[in-house]
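Undergrad: Need a 3D model of the sequence below.
(2 chains)
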Amino acid sequence: MAKNKQLTKRSEDFSAWYNELIFRAELADHSPVRGSMVIRPWGYAIWENMQRALDDMFKDTGHQNVYFPLLIPMSFIEKEKDHVEGFKPELVVVTHAGGKELEEALVVRPTSETVVMSMMAKWIQSYRDLPMKLNQWVNVMRWELRTRLFLRTSEFLWQEGHTVHATAEEAEEHTRVMLGVYRNFMEDWMAMPPVTGLKSESEKFAGATRSYSCEAMMQDNKALQAGTSHFLGQNFSRQFDVKFQSEEGKEEFGWNTSWGVSTRLLGGLIMTHGDDRGLVLPPKIAPTQVIIVPVKDLDDGSVLEKANSLCSELKAQGIRAELDSRDFLSPGSKFYEWERKGVPIRLEVGPRDLENNQVVLAQRVVPGDSQKKEVLQQSEALRTMSKRLDDFQECLLKKAVIRREENTYRGIENIDELNEIMSGSGGYVYTGWSGDPTVEQTVKERTGATLRCIPEKEFRSSECPVRCIGGEKKSEMEVVWAKAY
RNA sequence: CGGGGCGUGGCGCAGUCCGGUAGCGCACCUGCUUUGGGAGCAGGGGGUCCCCGGUUCGAAUCCGGGCGCCCCGACCA
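TA: As a prediction, the model looks like this:
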């Protein structure tokens, strides 16, 4: 009977598992408009926790939040040549308003570099106004032919940071600082360890001089580009006249950066930690960290009373605890529901526990994946809860790092070998590369893998490969290949 | 945009070949009994069968046209 209540297994059909999980965990739903989604309360609560953590990190690195309008004049988008070419196919354009055709079409923002720069040009006079570091939390729209909840929808939520600096060095440095912020956030909060590095010319942001990215490995061994940080050079400054007077009194163009992460991170979260029973949430971003389920209340209501007091005591410790007091569901059905939704720890309280001052504790994930419940003294449960949540968080990160390393291949020297890995289990493959874009193209065509990034030093192999994967030339750098979302 | 599949209570489907009272599971509502891993019994509510047209005494079913969604490819956070 419980058969159709179970998720499709990851091993059977990863993609079906992903979709089902989103519906069953009540994270999101399809909207009436093709390709866009509704984020439901549980999914949005997770996003809010992520936003809060990121926002604090942005503030700590000297940024201020702003809001720029949804509509951007078409002419703005067209100013930067590469930018317009990159975005043109995805633009949603407003041509009519107030019952009349507009004189100039307006674009629903696909990203806001152009409008932000146009305003910054007005606000910046001298080097004393620099650096200017702004961020906004907004929705953006890019018309997509093929969409998937969280991973690729026509409208999505994100933050976009935009900064102006007096020197190229400072801007480049800031680009990397923000890449680091993203990486720390993904590791410390989401337990989703990315490989970070530089994008190749063909993969970089439309309009950027250089793009850096965080590439997180999903459980199907595909890479998810989970955050990007761009050094824009003076490309936008020159088009939008972002000028300042330097200390020496000279007029100069500002140097820009932009960087963003989106609700796509939620897709990454699902595919990093989710299992065949449902979502698994890192405690730090879980809307509910501990769910308390009362089992069979007594006539005097003492079970519910005890459950309630445990909940208050956990809350007093700053733990996000909730009591599930719904009386029309059986305890078992609640267990499944909260597991599906990924709550890290569950406490069960019943008449038996009342007598012995104990409580039954079940963790969503435990080392070794056993599903054993523990019986604890109530005092001990209260005393150790915070540490358990920390350990849980740490355990998820460790598991994810191990999984990434187990599916990483080094010392691969030719396309055939790479192809063999890609047509099998997949994963991250490190090889040498001459820097020749035709090699990149060939690899893509023959293996389905794309050049994810030129990794930062700490990810590189101890010995740099000597041969380019293309075979003919010498290797100039080490790169990471993977199939990608 | 090319290839494939599907549109039937909220969800998942059967019924379509061979036209004849619109069904099943889950969910939902009411009551009683239950409650330590998806409760049981009894009763109940809910459908323009994607849309438009045609054939027919009669269409979910046959014919014509349209629309939508999903999957697979090229483009993308």
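
Undergrad: pull the helix or strand with minimum mean pLDDT from chain A.
TA: The weakest-scoring helix or strand in chain A, judged by mean pLDDT, DSSP states H and E, is strand A:28-30 (a mean of 84).

Undergrad: Name every strand pairing with it and say which way it goes.
TA: strand A:37-39 (antiparallel) (DSSP bridges).

Undergrad: Can the least confident helix or strand of chain A be said to contact RNA strand B?
TA: Yes. Under the criterion of Cβ under 7 Å from any atom of the strand, strand A:28-30 makes contact with RNA strand B via A:H30. Backbone N, C-alpha and C define where each C-beta goes, glycine included.

Undergrad: can you list contacts of that strand?
TA: Residues external to strand A:28-30 that are found in contact with it (Cβ atoms under 8 Å, 6 or more residues apart in numbering): A:I22, A:F23, A:M37, A:V38, A:I39, A:R40, A:G43, A:L149, A:F150.

Undergrad: wait, which of these is closest to RNA strand B?
TA: Nearest to RNA strand B among the contacts of strand A:28-30, counting by Cβ to the nearest atom of the strand, is A:F150 at 7.0 Å.

Undergrad: Just to check, that closest one is in contact with A:L224?
TA: No. Taking contacts as Cβ atoms under 8 Å, A:F150 lies outside contact range of A:L224: 10.3 Å.

Undergrad: give me the low-pLDDT residue ranges for chain A?
TA: Scanning chain A for pLDDT under 70 picks out the ranges A:1-4, A:368-370.

Undergrad: how about the helices of it, start to end?
TA: Assigned by DSSP state H, the helices in chain A fall at A:14-24, A:41-60, A:74-77, A:81-87, A:113-123, A:168-188, A:235-240, A:264-273, A:302-316, A:331-340, A:351-356, A:378-406, A:415-423, A:437-447.

Undergrad: just checking, what packs against the fifth one?
TA: I take that to be helix A:113-123. Packing partners of helix A:113-123 (3 or more Cβ pairs under 8 Å, 6 or more residues apart in numbering; DSSP states H and E): helix A:74-77, strand A:132-141, strand A:155-165, helix A:235-240, strand A:255-262.

Undergrad: swap the cut-off to 7 Å and go again
TA: Secondary-structure packing of helix A:113-123 (3 or more Cβ pairs under 7 Å, 6 or more residues apart in numbering; DSSP states H and E): helix A:74-77, strand A:132-141, strand A:155-165, helix A:235-240.

Undergrad: Which among these is found nearest to A:K483?
TA: strand A:155-165 (21.8 Å; Cβ to Cβ).

Undergrad: which residues touch the closest one?
TA: A:36, A:54, A:58, A:63, A:111-113, A:116, A:120, A:124, A:130-137, A:139-141, A:171, A:174, A:178, A:242, A:254-264 (Cβ atoms under 7 Å, 6 or more residues apart in numbering).

Undergrad: are any of those buried, and which?
TA: A:36, A:54, A:58, A:63, A:111-113, A:116, A:120, A:124, A:130-136, A:140-141, A:171, A:174, A:178, A:242, A:254-264 (16 or more other Cβ atoms under 10 Å).

Undergrad: Can you tell me the closest non-neighbouring residue to the residue nearest the centre of chain A?
TA: For chain A, the residue sitting closest to the mean C-alpha position, by Cα atoms, centre = their mean, is A:L265 at 2.1 Å. Leaving aside its sequence neighbours, A:L265 sits nearest to A:A226 (Cβ to Cβ, 6 or more residues apart in numbering; 5.8 Å).

Undergrad: Pretty sure A:L269 is one of the things the one you found touches, is it not?
TA: No. Using Cβ atoms under 7 Å, A:A226 makes no contact with A:L269, being 9.5 Å away.

Undergrad: Compute the number of surrounding residues for the closest residue in space to A:I285 that isn't next to it in sequence.
TA: Leaving aside its sequence neighbours, A:I285 sits nearest to A:N49 (Cβ to Cβ, 6+ apart; 4.3 Å). Counted with other Cβ atoms under 10 Å, residues neighbouring A:N49 total 18.

Undergrad: before we move on, what about A:D327?
TA: A:D327: 7 neighbours (other Cβ under 10 Å).

Undergrad: ok, it to A:R238 distance?
TA: Note on A:D327: its distance to A:R238, by Cβ to Cβ, to the nearest Å, is 66 Å.

Undergrad: Please apply the same query to A:T147.
TA: Applying Cβ to Cβ, the value for A:T147 to A:R238 is 35 Å.

Undergrad: between those two, who's got more neighbours?
TA: A:T147 (18 against 15).

Undergrad: Now that we have the helices of chain A, can you turn them into TSV and tack on distance to A:P465?
TA: What follows is those, written out as TSV (distance: least, Cβ to Cβ, whole Å):
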stretch	distance to A:P465
helix A:14-24	31
helix A:41-60	35
helix A:74-77	40
helix A:81-87	30
helix A:113-123	36
helix A:168-188	24
helix A:235-240	32
helix A:264-273	28
helix A:302-316	52
helix A:331-340	44
helix A:351-356	59
helix A:378-406	18
helix A:415-423	12
helix A:437-447	13
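
Undergrad: Of those, which stretch is the most buried?
TA: Most buried of these by mean neighbour count (mean count of other Cβ atoms under 10 Å) is helix A:264-273; its value is a mean of 25.

Undergrad: Give me the distance from stretch A:432-446 to the chain's centre.
TA: Mean C-alpha position of stretch A:432-446 versus that of the full chain (Cα atoms, centre = their mean, to the nearest Å) differs by 27 Å.

Undergrad: What lies in contact with it?
TA: A:200-202, A:415, A:418-419, A:449-451, A:465-470, A:473-479, A:481.

Undergrad: Weed out the non-buried ones from those residues.
TA: A:200, A:415, A:418-419, A:449-451, A:465, A:467-470, A:475, A:477-479, A:481.

Undergrad: All good on my end, thank you.
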